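Trainee: Structure here, sequence nowhere to be found:
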């Protein structure tokens, strides 16, 4: 089954899954390498200690990646019951 993306392309669901999984893996891998470099290197004799900031940046990059993927491929077509989830 194919879904019509926001760009007007027909993208098979299997390919969407592969693109999504690859994007998640790529995003986490790149950020892990960058984060490791930041934590290991001394800056003026001190080491980076703002873990929360690093996590906020990571989550922002992940959200941006998901948003761009949604723009490129379009929504999944599934209805999410927001009212039932947030107002039990």
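Mentor: Cool, got the structure. Note that the structure is predicted; figures quoted are calculated from it, not measured. Residues are numbered from 1 along each chain as shown.
Trainee: Do you know the pLDDT at the residue nearest the centre of the chain?
Mentor: For the chain, residue 62 is the residue whose C-alpha lies nearest the centre (C-alpha atoms, centre = their mean; 2.7 Å). Here the pLDDT value assigned to residue 62 is 81.
Trainee: ok, for it, nearest residue in space, not its chain neighbours?
Mentor: Ranked by C-beta to C-beta, 6 or more residues apart in numbering and with sequence neighbours excluded, the top spatial neighbour of residue 62 is residue 27, at 5.6 Å. The way it works is simple: take the backbone N, C-alpha and C, and place the C-beta from them, glycine included.
Trainee: what number of residues lie near that neighbour?
Mentor: 16 (other C-beta atoms under 10 Å).
Trainee: if I pick it, what's in contact with it?
Mentor: With contact set as C-beta atoms under 8 Å, 6 or more residues apart in numbering, residue 27 has these partners: 61-62, 65.
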